[in-house]
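Student: Fold the stuff below for me.
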Amino acid sequence: MTASQLETGPRTGNAATVADIYAAFGRGDVPAIVARLADDVAWEEWADNWAQRAGVEYMQPRTGRQGALEFFTVIGAATVLDFAVLDVVGDGRQVVAEIRVAFELPGGGRFADEELHLWTFDEAGRVVRFRHYLDTAKHIAADRGEDTTRR
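Tutor: Have a look, this model is predicted:
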């Protein structure tokens, strides 16, 4: 993501941190992202998530900075076809980003989706939890090798 893709004005506080994380993602600068995370960050921690149950590797729960690095290793094996931050909402303890994505997975599956990403922060401004809110059926099918971008 380039700065021009997020044209909703200047950000401050936790919203600025989220915008900076997406800018780092666009540059492929995973260390800059991990530096914003709490040591014990909860990555994709859900009580019940169908994509997790189905074994979608990039949706598996992970803990800590090492767990987040594992996520970026898994998702880094995919080809990014589109990634745009449409908006960043909020600036308190939780910040939501509206994202448009399209990926081709290593097994040949493809997905295009509009997602919400929920970022939760501690008092020091570090990310303590991250979750994708997405169409789990579409991601499960793509993980099985289907092209869910066809309409």
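Student: so who does the nearest residue to residue 139 once chain neighbours are set aside touch?
Tutor: Distances taken as C-beta to C-beta, 6 or more residues apart in numbering put residue 51 closest to residue 139, at 5.1 Å, once the chain neighbours are dropped. (C-beta placed from N, C-alpha, C; glycine too.) Contacts for residue 51 were tallied using C-beta atoms under 8 Å, 6 or more residues apart in numbering; they are 59, 134, 136, 139, 140, 143.
Student: any idea how far residue 91 is from residue 51?
Tutor: 29 Å (C-beta to C-beta, to the nearest Å).
Student: Also residue 118?
Tutor: Taken as C-beta to C-beta, the span from residue 118 to residue 91 is 14 Å.
Student: do the same with residue 135
Tutor: For residue 135, the distance to residue 91 (C-beta to C-beta) stands at 27 Å.
Student: my guess is residue 36 contacts residue 23, does it?
Tutor: No. Using C-beta atoms under 8 Å, residue 36 makes no contact with residue 23, being 11.4 Å away.
Student: how many neighbours does residue 26 have?
Tutor: 17 (other C-beta atoms under 10 Å).
Student: Which strand or helix spans it?
Tutor: According to DSSP states H and E, residue 26 maps onto helix 13-27.
Student: Would you mind listing the outside residues contacting the helix or strand following that helix?
Tutor: Moving toward the C-terminus from helix 13-27, the next helix or strand (DSSP H and E) is helix 30-34. Applying C-beta under 8 Å, 6+ apart, the contact partners of helix 30-34 are 20, 21, 24, 25, 65, 68, 69, 72, 76.
Student: Where do the helices of the protein begin and end?
Tutor: Per DSSP state H, the chain carries helices over the ranges 13-27, 30-34, 50-53, 64-76, 136-143.
Student: Let's have these in CSV, adding mean pLDDT and distance to residue 122.
Tutor: Converted to CSV, those look like this (pLDDT from 0 to 100; distance: least, C-beta to C-beta, whole Å):
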stretch, mean pLDDT, distance to residue 122
helix 13-27, 96, 10
helix 30-34, 98, 15
helix 50-53, 95, 24
helix 64-76, 97, 14
helix 136-143, 96, 28
